[in-house]
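Q: Need the 3D shape of this:
(2 chains)
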Number of protein chains: 2
Amino acid sequence: MNLAVSVKKALAIPPSITLLAELVARELAQVNELILSRTGSEVTLIPEVANHLISSGGKRLRPMLTLAMAILNGYRGDAHVKLAASVEFMHTATLLHDDVVDESDLRRGRKTARIVWGNQASVLVGDFLLGQAFRMMVEAGFMDALDILSSAAAVIAEGEVMQLATAKNLATDEKAYLAVTAAKTAELFAAACEVGPAIAGGGHAERSACRAFGMALGQAFQLIDDALDYGGKADEIGKNVGDDFREGKITLPVVIAVARGDAEERAFWHRVMEGGDQHDGDLERAIAILRRHGAIEATTARAACFAEEAHRALSIYPDGEMHRALAQAVDFAVERNR
Amino acid sequence: MNLAVSVKKALAIPPSITLLAELVARELAQVNELILSRTGSEVTLIPEVANHLISSGGKRLRPMLTLAMAILNGYRGDAHVKLAASVEFMHTATLLHDDVVDESDLRRGRKTARIVWGNQASVLVGDFLLGQAFRMMVEAGFMDALDILSSAAAVIAEGEVMQLATAKNLATDEKAYLAVTAAKTAELFAAACEVGPAIAGGGHAERSACRAFGMALGQAFQLIDDALDYGGKADEIGKNVGDDFREGKITLPVVIAVARGDAEERAFWHRVMEGGDQHDGDLERAIAILRRHGAIEATTARAACFAEEAHRALSIYPDGEMHRALAQAVDFAVERNR
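A: Purely as a prediction, here's the structure:
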C-alpha cells in the first residue's frame, strides 16, 4: 500500500485509475526499475534524452494495461513486466519521433527533447528505445507477444504516415479520421492489452476481448484528447489548448464542424488549417464555431460510445477487483473531459 | 544463370561479388519479391518513399551475407529469406533516419527521400520498415535470430548517437572512432552473418566465426568508404567526394591527419570541422593535408587489416565455392578503393 502511494505520487496518477495502479503496484515498480536500467548506456546522451521524457509524469497507462490484462487472465510468471516495459518504450519512441515530425516545442508542460537536444538526438534515441523494446520482448520469450507488438509497431508508423496525408486535408471524414486514430493511438492500447491473454495462455475469445477493450479505450482516449485541445467542456480556455489548431492538425471536432458548417466557415477552416495562415483571435473563432455546432459534445459523445464498447468487451470476464479497476480506467479516460 | 544475370543487371553488382551473387541468386530473387510485397501499404506514401531508396541500386550486400552464411552452415529451410529481407529493411530504415540526422540531400546519386517527401515521411517510413523488419523476423520463427537482430538494432542506434558526440570533436582518437563504426556500421554486417549459423543449428564456434567475419568486413567496408570520401587513392577528385567533410563528420583519415599534424593544421581542422566554417578551396586543402600525412593510405591499410581478420575468421570452414565467394566479397570491399 505504501508502494502504491509512492508510485501514485511519483507518477501523479489521477484518482480514477487509483484502483488499477494499486492492483499492479508491485509489478509497475519492477517495470519502472527495468525502464531505468534499460535506458542506461555508456553513451550518456541516451539516458539523458530518454529519461527527460520517461520521467516527465506520464501515467504509465499502457504498461499498466499489459500488467492488468496478464493478471486478469491468470498469468503467474514474470514476463509481463518485460513486455509492459517494452510497451512503454514503444510509446516513448513514438513520442520522440512525433515531436520531430510535428515540430513540437512542448510536451507535458516541458520543453520537448528535440528543443533541448535537437532533432537528431530525438530520432536516434527513439530508434534506440525501439531496439531495446524488441530486445526485452525477445527476453520475455513469447513468440505470440512478439507477433502482436511487432505488428503494432508497423501499424502505428503506418497510422502516423496516414496522418501526414489527412492532417491538413479538410476532405477527411469521420471514418477516415477514426482509421488514423485506430492505427496511430489505439493500436498500441490494443496490443498492450492483447499481450496479457497471449502470455497467460488465453484462447481466441480472451485475446479478442482484451484487444477490443484496448482498441476502444485507445479511441476514447484519443477523442477526449482531441476535445481537450479545444478546451473540452470547460467554458474558459485552459492553458494547453490549441496545439492541434496551431499545427493545422485536423481532428474530430474540426471534421464535425466542417461537415456542419457553411461556406464562410469552410473558407475559415481552409485558411487556418490547410493554408496554415493564422492570426490573433483565430483560435477563439475556431472554438466559437466548434461550440455553435456542438462539435466538442459530438466528439465526447463518440468517445462515450467507444467507452461503452470497452465496457462490453470486458463482460466475458467475471466480476472482480481487476475487472472493476479496468472499468474505472475507461471512465477515467472519458471523465478527463471536465 | 539467367536469373543471376538479370539480378546482377538490376542491382548493378560490381564484378568481385559476382560469385556471391550467383550462389545466392535464387534466394535473393525471393528476398527482392518479399521486400516489394512488404513495403506495400494502402498508405501510398509508404511504398513511394521506401522504394525510392530500396530500388536505387544498393548492392544488397547485407542480405546476401545472411543468405550465404545460412547456406555455408548447411541450412536447408527458407527462413533465411525472411531474415535477409529483415536485414535489408533495418539497413534501409537506418539510411532514411541517417539522411534526416545528417541533413543529406543526395544518396547514391539521387535526391534523398527527405528532400523529395520531407523529414516527416523519412522518419515515419523508417519506423514502418523497422516494424515490418521485426514482423518478418517473428514470422521466420527463430528466437536466436530475433535476439541477434533486435540487439543489433539497439547497438546501431547507440552507435549513431555516439557519432553525434564524436562527429565534430577533434579529440576523437582512432579507438573511439572505431568504436563508433563498429556499432553504427559493422554491427549490422556482424548480425546479418551470425543469423546464418544461428538458424542452421551451428554451435558457438560457427556463430563466433561468422559474427567476427561480418564485424571485420563491416569495419573494412566503412573505412574504405571514409577513404573514398576524400578521393581514395585516385589523384583526381571524383564526384561524390567531400560529403563527410562538408558535414563536418570526423572520420579516420581526419583522425590520423590531426594526430600527425602541427598547430596550424589543427587550427584549420578546428575551423572547418568543429566550427563548420568552410570556404572555397578548403576541401582541396584538406585533401592535400591528408595526402601529406599519408592518412588515406593509413586508413586503407587499417581496412586491409580488418579484411585479413575477416579472411581468418572464415578459416574454420573447409574450402569450397561459398567460402571463396565470401572471401571475394571481402576483397571487393577493400578493392573499391582504386
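
Q: mind listing what A:Val87 touches?
A: By C-beta atoms under 8 Å, 6 or more residues apart in numbering or on different chains, the contact set of A:Val87 is A:62-63, A:65-66, A:133, A:149, A:188, A:191-192, A:195. (Each C-beta comes from the backbone N, C-alpha and C, glycine too.)

Q: now do A:Asp226
A: For A:Asp226, the contact set (C-beta under 8 Å, 6+ apart) comprises A:244, A:251-253, A:299.

Q: about what we covered before: just give me the closest of the contacts of A:Val87 to B:Arg336.
A: Nearest to B:Arg336 among the contacts of A:Val87 is A:Ala133, at 36.0 Å by C-beta to C-beta.

Q: Is the strand or helix carrying that closest one positioned near chain B?
A: Per DSSP states H and E: A:Ala133 is located in helix A:119-140. Yes. Helix A:119-140 reaches chain B (C-beta under 8 Å from any C-beta of the partner chain) through A:119-121, A:123-125, A:127-128, A:130-132, A:134-135, A:137-138.

Q: Just the buried ones from these?
A: The neighbour count (16 or more other C-beta atoms under 10 Å in any protein chain shown) marks A:119-121, A:123-125, A:127-128, A:130-132, A:134-135, A:137-138 as buried among these.

Q: Tell me which two of these sit farthest apart.
A: Largest pairwise distance in these, by C-beta to C-beta, is 29.1 Å, between A:Asn119 and A:Val138.

Q: next one: stretch A:306-324 to chain centre, how far?
A: Centroid separation between stretch A:306-324 and its chain, computed with C-alpha atoms, centre = their mean, to the nearest Å, is 20 Å.

Q: residues making contact with it?
A: The contact list for stretch A:306-324 (C-beta under 8 Å, 6+ apart) reads A:19, A:23, A:68, A:71-72, A:205-206, A:209-210, A:212-213, A:216-217, A:219-220, A:223, A:326-327, A:330-331, A:333-334.

Q: Select from those every entry located in helices.
A: Per DSSP state H, helices hold the following members of the contacts of stretch A:306-324: A:19, A:23, A:68, A:71-72, A:205-206, A:209-210, A:212-213, A:216-217, A:219-220, A:223, A:326-327, A:330-331, A:333-334.

Q: residues contacting the residue nearest to the spatial centre of chain A?
A: Compute the mean C-alpha point of chain A, and by C-alpha atoms, centre = their mean the closest residue is A:Thr185, 5.2 Å away. Counting by C-beta under 8 Å, 6+ apart, A:Thr185 touches A:159, A:218-219, A:221-222.

Q: Give the phi and psi angles for it, as a check.
A: Phi and psi for A:Thr185, reported as degrees, to the nearest 10, are phi -110, psi -60.

Q: Could you check the pLDDT of it?
A: At A:Thr185 the predicted local confidence, pLDDT, stands at 97.

Q: near chain B, which residues of the stretch 101-250 of chain A?
A: Residues of the stretch 101-250 of chain A lying near chain B (C-beta under 8 Å from any C-beta): A:101, A:119-121, A:123-125, A:127-128, A:130-132, A:134-135, A:137-138, A:141, A:143, A:146-147, A:150-158, A:160-162, A:164-165.

Q: Find the nearest non-adjacent residue to A:Arg107, please.
A: A:Asp99 (6.2 Å; C-beta to C-beta, 6 or more residues apart in numbering or on different chains).

Q: and that neighbour, what does it touch?
A: Neighbour list for A:Asp99: A:107, A:112-114, A:122 [criterion: C-beta under 8 Å, 6+ apart].

Q: now swap in A:Val241 and tell me
A: The neighbours of A:Val241, taking C-beta under 8 Å, 6+ apart as the test, are A:228-231, A:283, A:287.

Q: please redo it, this time with the cut-off set to 7 Å
A: Going by C-beta atoms under 7 Å, 6 or more residues apart in numbering or on different chains, A:Val241 touches A:229-231.

Q: And the closest residue to A:Ser16 other than its chain neighbours, how far from B:Ala198?
A: What sits nearest to A:Ser16 in space, not counting adjacent residues and going by C-beta to C-beta, 6+ apart, is A:Phe332, at 3.7 Å. Distance, A:Phe332 to B:Ala198, by C-beta to C-beta, to the nearest Å: 45 Å.

Q: Pick out whichever of those two has more residues nearby.
A: More crowded of A:Phe332 and B:Ala198, by other C-beta atoms under 10 Å in any protein chain shown: B:Ala198, with 27 against 23.

Q: For the helix or strand containing that one, name the packing helices and strands.
A: Here B:Ala198, judged by DSSP H and E, is contained in helix B:187-200. With contacts taken as 3 or more C-beta pairs under 7 Å, 6 or more residues apart in numbering or on different chains; DSSP states H and E, helix B:187-200 sits against helix B:61-72, helix B:79-102, helix B:143-166, helix B:204-228.

Q: tell me the mean pLDDT for the first one?
A: Predicted confidence along helix B:61-72 averages 98 (mean pLDDT).

Q: and the angle from it to helix B:79-102?
A: Angle of helix B:61-72 versus helix B:79-102, following axes from the mean of the first three to the mean of the last three C-alpha atoms, to 10 degrees, is 160 degrees.

Q: Could you do the third one as well?
A: Angle, helix B:143-166 to helix B:79-102, by the same axes, to 10 degrees: 20 degrees.

Q: what does the last one give?
A: Inter-element angle recorded for helix B:204-228 and helix B:79-102: 30 degrees (by the same axes, to 10 degrees).

Q: Helix or strand next in line after helix B:204-228, which one?
A: Following helix B:204-228 in sequence order, the next helix or strand is helix B:243-246 (DSSP H and E).

Q: Pull out the buried residues from that next one.
A: Residues B:243-245 are the ones in helix B:243-246 that count as buried (16+ other C-beta under 10 Å).

Q: ok, now stretch A:22-41?
A: Applying a neighbour-count criterion of 16+ other C-beta under 10 Å, one finds A:22-25, A:27-32, A:34-35, A:38-39, A:41 buried in stretch A:22-41.

Q: among the residues you listed, which are within reach of chain B?
A: Restricting the buried residues of stretch A:22-41 to those near chain B by C-beta under 7 Å from any C-beta of the partner chain leaves A:Ser41.

Q: Return the member of the buried residues of stretch A:22-41 nearest to chain B.
A: Chain B has its nearest neighbour among those in A:Ser41, at 5.8 Å by C-beta to the nearest C-beta.

Q: For A:Gly74, see how far away A:Met322 is.
A: To A:Gly74, A:Met322 is 10 Å away according to C-beta to C-beta.

Q: repeat for A:Ala176
A: Distance of A:Ala176 to A:Gly74, given as C-beta to C-beta: 39 Å.

Q: ok, now A:Gly231?
A: As for A:Gly231, its distance to A:Gly74 is 43 Å (criterion: C-beta to C-beta).

Q: And A:Ala190, by the same measure?
A: Distance check for A:Ala190 against A:Gly74: by C-beta to C-beta, it reads 20 Å.

Q: Which of those two has more residues huddled nearby?
A: A:Ala190 (25 against 12).

Q: wait, isn't the more buried one in contact with A:Leu217?
A: No. Contact criterion C-beta atoms under 7 Å: A:Ala190 and A:Leu217 do not qualify, at 8.6 Å.

Q: same for the helix holding A:Ala133, what does it pack against?
A: Contact partners of helix A:119-140 among helices and strands, from 3+ C-beta pairs under 7 Å, 6+ apart: helix A:45-54, helix A:79-102, helix A:113-117, helix A:143-166, helix B:79-102, helix B:119-140, helix B:143-166.

Q: re the thing from before, so can I have TSV of the contacts of A:Asp99 showing pLDDT?
A: As requested, the contacts of A:Asp99 are arranged in TSV below (pLDDT from 0 to 100):
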residue	pLDDT
A:Arg107	75
A:Thr112	85
A:Ala113	85
A:Arg114	86
A:Ser122	93
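
Q: Let me have those residues in a markdown table, adding distance to A:Gly275 and neighbour count as columns.
A: Compiled in a markdown table, the contacts of A:Asp99 are given as follows (distance: C-beta to C-beta, whole Å; neighbours: other C-beta atoms under 10 Å in any protein chain shown):
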| residue | distance to A:Gly275 | neighbour count |
| --- | --- | --- |
| A:Arg107 | 26 | 22 |
| A:Thr112 | 25 | 24 |
| A:Ala113 | 30 | 25 |
| A:Arg114 | 25 | 24 |
| A:Ser122 | 28 | 27 |
